[in-house]
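Engineer: No sequence on hand, only this structure:
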C-alpha cells in the first residue's frame with residue numbers, strides 16, 4: 001500500500017445502507033492510491049437496511065452530523081456567529097435558494113447548521129476537502145460548509161438531476177469538480193445546468209472482480225429442475241419488481257417451473273413498498289415461487305449469484321446498475337431493461353439481453369429463450385465477465401476522486417487512518 005498523501009472527508013447520507021457496498025469498496029480503492037478518508041454521514045440508517053457484513057466497522061468510523069446534543073448545537077452556532085462574514089454568506093444562500101415556501105427555507109437553515117458541524121469537524125482534523133456521494137440535501141450540507149469555512153467539496157451524481165431536489169445550480173456552482181457515472185447522467189446534467197458546472201469526470205461505479213468471481217463453472221439448471229431466477233435491488237417502484245413478478249407468472253402459465261429470489265428491502269426497513277410487492281405475490285398466486293430476502297450481506301449476494309441460472313433486473317429507470325455489474329462479474333447471463341445508462345454497459349445479444357422497460361411479456365420471452373439455450377446463456381455470461389473486467393472496475397471512480405484532489409496540500413491521517421485499517 002502506498003503511503004497516505006492526503007486525507008479527505010467522504011460523505012454519504014444514511015451510511016451504511018443496503019446499497020452502499022460500492023462505497024465501502026471505493027474507500028478501500030482510495031486508500032490503495034494514497035487517499036485516506038474521514039467518513040461522515042447525515043444519520044444512521046434504519047437497522048433493517050444496514051449492510052450487515054461491515055456495518056459495525058463502518059459505523060464506528062463514521063461521524064454522524066445528526067442528531068447532536070444541544071451543547072454541540074450551541075457551540076456550532078457560537079462558532080458561526082463569531083464569523084459574521086461567513087454567517088452572512090449562509091443567510092444569503094438560504095434567502096436566494098431556489099426553493100418554495102417557508103418550510104423549505106427552514107429546512108435549509110437546519111442543513112446550514114449541519115454544514116457548520118461538518119466544517120468544524122473537518123477543520124479540527126486539518127481536512128480541506130470533502131467528497132459527497134449525493135446531490136440532494138447532503139450536497140447542501142457540503143455547500144454550506146464551504147460557504148462558512150472555505151472547505152472545498154466535490155459531488156458524484158448517480159442519477160438524473162431531477163431525482164435530487166431543488167437548488168441544483170447553487171450546489172454545483174460552488175463545487176470543485178463533479179463525477180458522473182454514465183453518458184446518460186452526464187448528458188442530462190449538462191442539458192440542465194450547462195455553463196454553471198465545474199469540471200466533470202466520468203467514472204462508473206464498479207465491482208471488485210477479485211471478490212466477485214465464481215468458485216465453480218456456470219451451469220444452467222437441468223430439464224427436470226426449476227429455473228432459478230435472481231434479482232438484487234431495493235424494493236422501490238422504479239426497480240420494476242411488479243413487472244418481474246408478472247413475467248414470472250407468465251412463465252409459470254407457460255409450464256415453466258421457475259422460482260425467483262429477490263435481495264433488497266424498501267427504504268422504510270420493510271414497512272413500505274415491500275407490502276405492495278407482497279400483495280402482488282399473493283394476487284398472482286406466487287407465494288411458493290418467490291422469496292424476499294430483505295437487505296443481505298455482500299457475501300450472501302455472491303452466494304445467490306453463484307446458485308442462480310439467470311439474473312433479471314426489470315428497472316423502469318436505471319442510471320447504470322451495480323447489481324448488474326456484480327451479476328456480470330459472476331458470469332451469469334443477465335436480462336435487463338433498456339433503461340437509462342444500462343445500454344452503455346450491456347450490449348444486447350453480446351454480453352446480456354435487453355428488453356424495453358415495463359414489458360413483462362418480452363421479459364418472460366427473454367427468460368424463456370435463455371432457459372431453452374444453455375450454451376447461449378453460458379456464452380453471454382463469459383462475455384459479461386470480460387466486459388466488467390475491461391470497463392467497470394471499482395478502482396476507476398477512486399482514481400477519478402484522487403485525480404480531482406491531487407493538488408490539495410498533504411495532510412496526516414493521524415489516528416483515524418490507523419483505526420480505519422484495523
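Structural biologist: Now that the structure is in, tell me what you want to look at. Since this is a predicted model, take the numbers as computed values, not measurements.

Engineer: hey, where'd the strands end up in the stretch 101-250 of the chain?
Structural biologist: Secondary structure of the stretch 101-250 of the chain, counting by DSSP state E, counting those that start in this stretch: strands at 129-132, 152-157, 177-180, 200-202, 227-232.

Engineer: Residue 70: which of those strands is closest?
Structural biologist: Closest of the strands of the stretch 101-250 of the chain to residue 70 is strand 129-132, at 25.1 Å (criterion: CB to CB). The C-beta positions use only the backbone N, C-alpha and C, and glycine is treated the same way.

Engineer: Any regions of this protein where pLDDT drops low?
Structural biologist: 1-4, 51-52, 410-422 (pLDDT under 70).

Engineer: Let me see the domain layout of it.
Structural biologist: 6-205+394-420, 227-391 (automatic domain parsing).

Engineer: any chance of those domains in a markdown table, plus mean neighbour count and distance to residue 211?
Structural biologist: A markdown table is the format used below for the domains of the chain (neighbours: other CB atoms under 10 Å; distance: least, CB to CB, whole Å):
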| stretch | mean neighbour count | distance to residue 211 |
| --- | --- | --- |
| domain 6-205+394-420 | 19 | 8 |
| domain 227-391 | 20 | 7 |
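
Engineer: now those domains in a markdown table, with distance to residue 212?
Structural biologist: Putting these into a markdown table (distance: least, CB to CB, whole Å) gives the following:
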| stretch | distance to residue 212 |
| --- | --- |
| domain 6-205+394-420 | 10 |
| domain 227-391 | 4 |
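
Engineer: show me what contacts residue 109?
Structural biologist: Residues in contact with residue 109 (CB atoms under 8 Å, 6 or more residues apart in numbering) are residue 94.

Engineer: Dump the strands of the stretch 101-250 of the chain to a markdown table, plus distance to residue 39.
Structural biologist: Output for the strands of the stretch 101-250 of the chain, formatted as a markdown table (distance: least, CB to CB, whole Å):
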| stretch | distance to residue 39 |
| --- | --- |
| strand 129-132 | 11 |
| strand 152-157 | 15 |
| strand 177-180 | 18 |
| strand 200-202 | 22 |
| strand 227-232 | 24 |
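
Engineer: for these, which one sits closest to residue 112?
Structural biologist: strand 152-157 (14.4 Å).

Engineer: Against which helices or strands is that closest one packed?
Structural biologist: Applying 3 or more CB pairs under 8 Å, 6 or more residues apart in numbering; DSSP states H and E, one finds that strand 152-157 contacts strand 129-132, helix 137-149, strand 177-180, helix 395-404.

Engineer: let's see it at 10 Å
Structural biologist: strand 6-11, strand 129-132, helix 137-149, helix 168-173, strand 177-180, helix 183-193, strand 200-202, helix 395-404 (3 or more CB pairs under 10 Å, 6 or more residues apart in numbering; DSSP states H and E).

Engineer: Using the three-state scheme, assign residue 260.
Structural biologist: strand (DSSP: H, G, I helix; E, B strand; the rest coil).

Engineer: That one and residue 288 touch, don't they?
Structural biologist: No. Judged on CB atoms under 10 Å, residue 260 makes no contact with residue 288 at a distance of 11.0 Å.

Engineer: thinking again about what came up before, so which of the helices and strands packed on strand 152-157 comes closest to residue 32?
Structural biologist: Minimum separation from residue 32 across these (CB to CB) falls at helix 395-404, 7.2 Å.
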